[in-house]
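Q: Take a look and give me a structure for this.
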Amino acid sequence: MKFGFVDEHRNIWPVRVMCAALGLSASGYYAWRSRPESRRARNNRALLADIRQIHAESSGTYGSPRVHAPLRHRGRRALAAAGSSG
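A: Have a look, this model is predicted:
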């Protein structure tokens, strides 16, 4: 997650400066950047796109419980957030 922050702000601050401030190694950042996206990250990105689409189709009125049902109907599996009931 910290490398993601560095990546998002690399046009504003030098990578080495951000890495030093965050206690990261610049070589670790560049290694992270060159790795292919993991299967889990791809799945999470696709799930997020589905959630955003369902939320937009409801004109922004659906919360997580009401978004969950259409996700299940589409065959998507999404676990409830920690601390939520149901």
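
Q: Return the distance of the lengthiest helix in the chain from the chain's centre.
A: Criterion DSSP state H: the longest helix present in the chain is helix 39-57. Centroid separation between helix 39-57 and its chain, computed with CA atoms, centre = their mean, to the nearest Å, is 9 Å.

Q: Average the pLDDT values over stretch 18-33 and round to the nearest integer.
A: Average pLDDT, stretch 18-33: 96.

Q: Going along the chain, name the strands of the protein.
A: Read by DSSP state E, the chain holds no strands at all.

Q: Where does pLDDT dip in it?
A: 78-86 (pLDDT under 70).

Q: Please repeat the previous calculation with a cut-off of 80.
A: Along the chain, the parts satisfying pLDDT under 80 run over 1, 76-86.

Q: Could you chop the chain up by domain?
A: Per automatic domain parsing, the domain ranges recorded for the chain read 2-34, 39-73.

Q: got these as CSV, with mean neighbour count columns?
A: In this view, the C-beta of every residue, glycine as well, is placed from N, C-alpha and C. As requested, the domains of the chain are exported to CSV (neighbours: other CB atoms under 10 Å):
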stretch, mean neighbour count
domain 2-34, 13
domain 39-73, 12
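
Q: Contacts for the longest helix of the chain, please.
A: 62, 67, 70, 71, 74, 76, 78 (CB atoms under 8 Å, 6 or more residues apart in numbering).

Q: Just the ones of those residues in helices?
A: 67, 70, 71.

Q: Enumerate every residue touching the second one.
A: What that stands for is residue 70. Contacts of residue 70 by CB under 8 Å, 6+ apart are residue 54.

Q: any idea how far it lies from residue 14?
A: According to CB to CB, to the nearest Å, residue 70 stands 44 Å off from residue 14.

Q: Repeat that for residue 36.
A: From residue 36 to residue 14 the distance is 26 Å (CB to CB).
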